[in-house]
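1. coords below, sequence missing:
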């Protein structure tokens, strides 16, 4: 088993240890108390006496011999040549005794003499244990031999406390320096080096597994592509065999090219693993801390560089698509083999440069930019992109649209349904991109993207547009109509005598006749004028008018006028002839009116919103009620049937968007408060323009 495999099998275990002085331990437990010699397995073999004390064999032999009478000793000495050579003395008689040198208890010499005394198993075990342990080297000062060297972790310095007086040797340690024994520092550095090496090998093994898995996936994809190609070519196998082999060859060539790159990466990983193992070789004999520190630094640097090796430098994306036309044998199968050089770890997700605050209910757009392994922008699309959105409340993922721009970028769109942090996760080939965990904060507030008219307008009350995108603002306080383009640049100013008196309250544009139509509540006149120069085209009135304020026109040129005083909606044909009236008991403070794109749905702004089917004989009506005391002002119906209406209550003004009688979103304009918003129009597919009467301006908002 190699060193790397051994380290990979290491587990992190916290062990409580006790530091013991080797010399003190030897003197207390492994030294004969009589002769002060260290026990061994020969002359100083430890023997256990009946009194439980341990004495070496050499001392017991001398003590037992000294305890014999003189006559016996003479006789004993005569036969000493037959005694054991281990004790250096003869064996006393079986009946001899001696006293324990420690407790003075009388000890009987067994048959066979002193060598027959039992060994001290505990001491022998301690001897074996100490022999198996590596004796820790305690570096000492070369001048003061009894002084252990110290190491300052803060200064990375080895010093002797006696040789070099410094802040390290102060009687009261300071928090600025961490000082430990040099022997512990060496041991700790060695452990850190092993840990770093273990980390490096783990990263490299992970990288190796990742690349190997990608190679397996590439093999599977290549086999699947070959299967598709083979199946397509079976229908014309005899006529198109040469062409089939050509395409299969291309697939294998592309797969082989990818494999070569992945093999090169695996070889590089193996080389790095060998370097890491070499770094740890000879560590048990290393006591030079600077060398160990240098190795640790090198491994730390290499650890960061191994992140790039973790991601395969090639991908397993290899797809074969076919289009068959059996009517033509010459081109019986049209095959498109598609691959990609996209490297997911370098691909990024971002917001467009002109992106605004993300709001609830408003579609947001993100841009995915793809790159290859060499960090070059890709110019082609076709990658399998997968997107997931994690919402703050773990609610169902909103509908996500992914648009391939065919230039290496992808547009990702969705409309959040709740406030808070949204995490966007993007994968290509099933692998995460560089900033996979992309975070977006969605706010409940929707502020205007543009504001225009401050200092230009005076009490603007109504707004409309034509099919060319021009915006017409009824600037009542200045008795004029201001015409803007889509960039809010003034194109022209329209004047007409009907605008005098500052009593016009509603304006609309008839695309069928290309006319502006204005209603004046004081004169009770409905005036048609040219949108180019404001010249008069015609006018009409009606005897039942009391306070006509709101006006709209449908695709046929029919004119709808809401009369707040009469509480009636009048319907006139293009010539000003009354066609019908809509009157309801629950009409209160009428405001604006709007016609839906179907030409049959009329929306009336009041305390509530009333939706009326004007083609129904009974003119069926649906009321949309909202909480709070207030009234709706301007109203507009967009091409998708969404109803956009302004509302003013006692403490606030805002805009609401409805779909099938339900509120889709509320635009509170939190950062730019509305004050009596009186009318609204949809300018583009995503923006609306609101007339802010109290602030003498118009404001543009995103609403979907």
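-> Arrived safely. Everything numeric in this text was worked out from a predicted model, so none of it was measured.

2. Could you use CA atoms for every contact and neighbour count after this?
-> OK.

3. now for the longest helix belonging to the chain, which elements pack on it?
-> Longest helix in the chain, counting residues (DSSP state H): helix 182-233. Packing partners of helix 182-233 (3 or more CA pairs under 8 Å, 6 or more residues apart in numbering; DSSP states H and E): helix 3-8, strand 150-152, helix 241-280, helix 289-310, strand 318-324, strand 333-339.

4. Now do it against helix 241-280, angle only.
-> Orientation check (axes from the mean of the first three to the mean of the last three CA atoms, to 10 degrees): helix 182-233 against helix 241-280 gives 180 degrees.

5. sorry, back to before: pick the most deeply packed of the helices and strands packed on helix 182-233.
-> For those, the largest average neighbour count (mean count of other CA atoms under 10 Å) is found in strand 150-152, namely a mean of 21.

6. Mind listing residues that contact that strand?
-> By CA atoms under 8 Å, 6 or more residues apart in numbering, the surrounding residues in contact with strand 150-152 are 157-161, 168, 177-183, 185.

7. out of those, what pair is the most spread apart?
-> For the contacts of strand 150-152, the farthest-apart pair by CA to CA is 177 and 183; their separation is 17.6 Å.

8. out of the contacts of strand 150-152, which is most surrounded?
-> When neighbours are taken as other CA atoms under 10 Å, the top entry among those is residue 182 (24 neighbours).

9. hang on, the earlier thing: if we only consider the contacts of strand 150-152, which is nearest to residue 674?
-> For the contacts of strand 150-152, the closest approach to residue 674 (CA to CA) belongs to residue 177, at 62.3 Å.

10. what's the distance between the closest one and residue 293?
-> 18 Å (CA to CA, to the nearest Å).

11. Over to residue 66?
-> Distance of residue 66 to residue 293, given as CA to CA: 61 Å.

12. still on that earlier bit, got the helices and strands packed on helix 182-233 as a markdown table, with mean pLDDT columns?
-> Formatted as a markdown table, the helices and strands packed on helix 182-233 follow (pLDDT from 0 to 100):
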| stretch | mean pLDDT |
| --- | --- |
| helix 3-8 | 43 |
| strand 150-152 | 80 |
| helix 241-280 | 86 |
| helix 289-310 | 79 |
| strand 318-324 | 78 |
| strand 333-339 | 73 |
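
13. So for residue 124, which of these sits nearest?
-> Of all the helices and strands packed on helix 182-233, helix 3-8 sits nearest to residue 124, with 31.8 Å by CA to CA.

14. Show me how far the next helix or strand after the closest one is from its chain's centre.
-> Next in sequence after helix 3-8, counting helices and strands by DSSP states H and E, comes helix 22-29. Distance of helix 22-29 from its chain centroid, counting by CA atoms, centre = their mean, to the nearest Å, is 58 Å.

15. helices and strands around helix 22-29, which ones?
-> Right, helix 22-29 is packed against no helix or strand by 3+ CA pairs under 8 Å, 6+ apart.

16. Show the subsequent helix or strand relative to it.
-> For helix 22-29, the following helix or strand on the C-terminal side (DSSP H and E) is strand 46-48.

17. And the contacts of that following strand?
-> 32, 39-40, 54-57, 117-120, 123-124.

18. again, only this time at 6 Å
-> 39, 54, 55, 56, 118, 119, 120 (CA atoms under 6 Å, 6 or more residues apart in numbering).

19. what's the average pLDDT for it?
-> Over the span of strand 46-48, the pLDDT mean works out to 92.

20. Going forward, the N-terminal residue is numbered 27.
-> All set: I'll call the first residue 27, so the last point we hit is now strand 72-74.

21. okay, and for the stretch 77-226 of the chain, where does confidence drop off?
-> Applying pLDDT under 70 to the stretch 77-226 of the chain flags the ranges 95-121, 159-164, 190-201.

22. All the helices of it, in order from the start?
-> Here the stretch 77-226 of the chain has its helices, by DSSP state H, counting those that start in this stretch, at 83-92, 96-104, 147-158, 208-259.

23. From residue 90, how far off is the closest residue to residue 123 other than its chain neighbours?
-> Distance criterion CA to CA, 6 or more residues apart in numbering; nearest residue to residue 123, sequence neighbours excluded, is residue 134 at 4.5 Å. Distance from residue 134 to residue 90, counting by CA to CA: 9 Å.

24. With neighbour numbers in mind, choose between the two.
-> Neighbour tally, residue 134 and residue 90, criterion other CA under 10 Å: the higher count belongs to residue 90, 24 against 18.

25. so what's that one up against?
-> The contact partners of residue 90, by CA under 6 Å, 6+ apart, come to residue 124.

26. Counting neighbours, what do you get for residue 601?
-> Using other CA under 10 Å, the number of residues around residue 601 comes to 12.

27. ok, now the one 10 residues further on?
-> Residue 611: 7 surrounding residues under other CA under 10 Å.

28. Give me the secondary structure label for it.
-> For residue 611, the assignment made with DSSP: H, G, I helix; E, B strand; the rest coil gives coil.

29. Which pLDDT value goes with it?
-> On pLDDT, residue 611 comes in at 84.

30. Distance check, residue 725 against residue 362.
-> Residue 725 is 51 Å from residue 362, by CA to CA.

31. Could you tell me how many residues sit around residue 646?
-> Residue 646 has 11 neighbouring residues, counting by other CA under 10 Å.

32. again with residue 49
-> Counted with other CA under 10 Å, the neighbours of residue 49 add up to 9.

33. can you tell me the average pLDDT over stretch 682-693?
-> Averaging pLDDT along stretch 682-693 gives 89.

34. who's in contact with the most centrally placed residue in the chain?
-> What sits nearest the mean C-alpha location of the chain, by CA atoms, centre = their mean, is residue 463, with 1.9 Å. If you count contacts by CA under 6 Å, 6+ apart, residue 463 has them with 449, 450, 451.

35. Residue 609 now?
-> residue 594.

36. ok, now how distant is it from residue 588?
-> Plainly put, residue 609 is 10 Å away from residue 588 if you go by CA to CA.

37. got it, and residue 456?
-> Applying CA to CA, the value for residue 456 to residue 588 is 59 Å.

38. Residue 611 too?
-> Look at residue 611 and residue 588: by CA to CA, they are 15 Å apart.

39. ok now stretch 141-161, how far from the chain's centre?
-> 60 Å.

40. contacts for that stretch?
-> Stretch 141-161 is contacted by residues 72, 73, 74 when judged by CA under 6 Å, 6+ apart.

41. go with 8 Å
-> By CA under 8 Å, 6+ apart, stretch 141-161 touches 48, 55-56, 66, 71-75, 80, 83, 135-136.

42. Repeat that for stretch 671-685.
-> Contacting residues not belonging to stretch 671-685 are listed as 631, 654-662, 667-670, 689-695, 699-706, 716, 729 [CA under 8 Å, 6+ apart].

43. returning to what we had before: which one among the contacts of strand 176-178 gets closest to residue 425?
-> Of all the contacts of strand 176-178, residue 425 sits closest to residue 204, with 57.3 Å by CA to CA.

44. isn't that closest one right next to residue 182, touching?
-> No: using CA atoms under 8 Å, residue 204 is not in contact with residue 182, being 9.8 Å away.

45. Can you get me a residue count around residue 700?
-> By other CA under 10 Å, 25 other residues sit near residue 700.

46. swap in the one 10 residues further on?
-> Burial measure for residue 710: 12 neighbouring residues, criterion other CA under 10 Å.

47. one step back: out of the contacts of strand 176-178, which are inside strands?
-> If you go by DSSP state E, those have 183, 184, 185, 205, 206, 207 in strands.

48. which of these lies closest to residue 384?
-> Using CA to CA, residue 205 comes nearest to residue 384 of the ones in strands among the contacts of strand 176-178, at 53.8 Å.

49. Spatially, which residue comes closest to that closest one, not counting chain neighbours?
-> Distances taken as CA to CA, 6+ apart put residue 178 closest to residue 205, at 4.4 Å, once the chain neighbours are dropped.

50. what's across from that neighbour in the sheet?
-> Beta bridges link residue 178 to residue 183, residue 205 when assigned by DSSP bridges.

51. Okay then, goodbye and thanks.
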